[in-house]
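Engineer: sequence-free structure coming up:
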C-alpha cells in the first residue's frame, strides 16, 4: 500500500511539474510574441519551472550607477505593459553584474540596479508593491566570461521573471 501511495505521489509531482513547465512555455511564447511586436532590442525570453524570464542587456544604466538610461526606460515602458497582462503573477527583478571591482561594491550596485528597475515599474503603475521583489545577484551568476568586453557586457543584465 505504501509503495502505491509513494508512486502516486511521485506521479502527482511529475504531472504538476510538467503542467507548470507547459504553462511557463505557453506564457513565454505569448511574452516573446509581445516583445517582438514591440520591437525591443537586447531582450531575450526563456522559460523554466520557476516562470518566464525576460532578460535585458545593453546600455541599461549610467556607468557605475543605478541611474536608468533612456534606452532602458523605453524598454521598461513596453515590458510594463506586458507585465500588466500577468497581474495575477508575482514578479522578481534580478540585477546581475560583471566581475569588475570589489565583490561588496559589485553586490551593492547590483542591489541598487534591481531596486531601480522595480521602483520604476512600481512608480509607473505596471506592478503593485505586493507583486514585485528585487534582488541583486552581483557577479555570482555569469552567463559569459568576464575576460572579454563582450562577455562582461552580457553579464551586466537584468532579469525580470514572471513567476508561476
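Structural biologist: Received it, and whenever you're ready, just let me know what you need. Computed from a predicted structure; not experimentally measured. Numbers count the residues shown, from 1 in each chain.

Engineer: Isn't residue 77 up against residue 121?
Structural biologist: No - the pair residue 77 / residue 121 is not scored as a contact, 9.6 Å apart, by C-beta atoms under 8 Å. Backbone N, C-alpha and C define where each C-beta goes, glycine included.

Engineer: more neighbours, the two?
Structural biologist: Set side by side, residue 77 and residue 121 show more neighbours around residue 121, with 24 against 14, by other C-beta atoms under 10 Å.

Engineer: Now do the helices in the protein.
Structural biologist: Applying DSSP state H to the chain gives helices spanning 2-38, 70-84, 103-123, 149-155.

Engineer: so which of those gets nearest residue 164?
Structural biologist: Ranking those by proximity to residue 164 (C-beta to C-beta) places helix 2-38 first, at 5.2 Å.

Engineer: Now the closest one: average pLDDT?
Structural biologist: Helix 2-38 comes out with an average pLDDT of 68.

Engineer: go on, stretch 48-62?
Structural biologist: On average, stretch 48-62 scores 90.

Engineer: now do stretch 145-159
Structural biologist: Mean predicted confidence for stretch 145-159 is 90.

Engineer: swap in stretch 74-82?
Structural biologist: Averaged across stretch 74-82, pLDDT comes to 95.

Engineer: what would the helices of the chain look like in JSON lines with distance to residue 90?
Structural biologist: Formatted as JSON lines, those follow (distance: least, C-beta to C-beta, whole Å):
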{"stretch": "helix 2-38", "distance to residue 90": "13"}
{"stretch": "helix 70-84", "distance to residue 90": "11"}
{"stretch": "helix 103-123", "distance to residue 90": "12"}
{"stretch": "helix 149-155", "distance to residue 90": "25"}
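
Engineer: And these: which comes nearest residue 134?
Structural biologist: Closest among those, once you apply C-beta to C-beta, is helix 103-123, at 3.9 Å.

Engineer: Can you point out the buried residues in that closest one?
Structural biologist: 106-107, 109-118, 120-122 (16 or more other C-beta atoms under 10 Å).
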